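Enquirer: what follows is a predicted structure for the sequence shown.
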Amino acid sequence: MAQWYERLLAEQEEVNTKLNQLHGYIHSDYYPTLKPAYQDLIQRQYKAMLDYHQALKERAEFGEDTGDTADNAPKQYEKAIPLKDGE
């Protein structure tokens, strides 16, 4: 199995674990005691994480047959490209 694919699967599992923890927090007895604005932020985070998890899941469904691999990808794509504020 290619290293990039192993990392993708590991990241998907990590995000899934965090989603489950956040879901438990949202459904805890403590959550309703939070300020509504803070609850909104947590809901935004949860929705963003769900979207991210879905993207990882769909990428994983392609398997290793993506037409490209980390081995032949240009070197500039091996590290994350920092975003400017607001991106």
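Expert: Looks like it arrived, so ask away.
Enquirer: please count neighbours and contacts with C-alpha atoms only from this point.
Expert: OK.
Enquirer: ok, longest helix in this protein?
Expert: helix 36-61 (DSSP state H).
Enquirer: can you point out the buried residues in it?
Expert: 42, 46, 49, 53, 56-57, 59-60 (16 or more other Cα atoms under 10 Å).
Enquirer: and the furthest pair within those?
Expert: The largest separation in the buried residues of helix 36-61, counting by Cα to Cα, is between 42 and 60 at 26.5 Å.
Enquirer: could you report the pLDDT at residue 77?
Expert: At residue 77, the model reports a pLDDT of 51.
Enquirer: other SSEs contacting whichever strand or helix holds residue 4?
Expert: If you go by DSSP states H and E, residue 4 is part of helix 3-26. If contacts are counted by 3 or more Cα pairs under 8 Å, 6 or more residues apart in numbering; DSSP states H and E, helix 3-26 sits against helix 36-61.
Enquirer: and the angle from the helix it packs on to helix 3-26?
Expert: 150 degrees (axes from the mean of the first three to the mean of the last three Cα atoms, to 10 degrees).
Enquirer: use 289 as the first number from now on
Expert: Shifting the count to begin at 289 puts that one at helix 324-349.
Enquirer: and helix 324-349, what's its mean pLDDT?
Expert: 96.
Enquirer: centroid residue for the chain?
Expert: By Cα atoms, centre = their mean, the chain has its centre lying nearest to residue 340, at 4.1 Å.
Enquirer: next one: that residue from residue 353, what distance?
Expert: Using Cα to Cα, to the nearest Å, we find residue 340 at a distance of 21 Å from residue 353.
Enquirer: what's the burial count for residue 353?
Expert: By the criterion of other Cα atoms under 10 Å, residue 353 has 9 neighbours.
Enquirer: could I get the pLDDT score of it?
Expert: Per-residue confidence (pLDDT) for residue 353: 74.
Enquirer: and it, backbone torsions?
Expert: Residue 353 has phi and psi values of phi -90, psi 70 when expressed as degrees, to the nearest 10.
Enquirer: who's sitting farthest from the centroid in this protein?
Expert: Largest centre distance within the chain, by Cα atoms, centre = their mean: residue 321, 27.3 Å.
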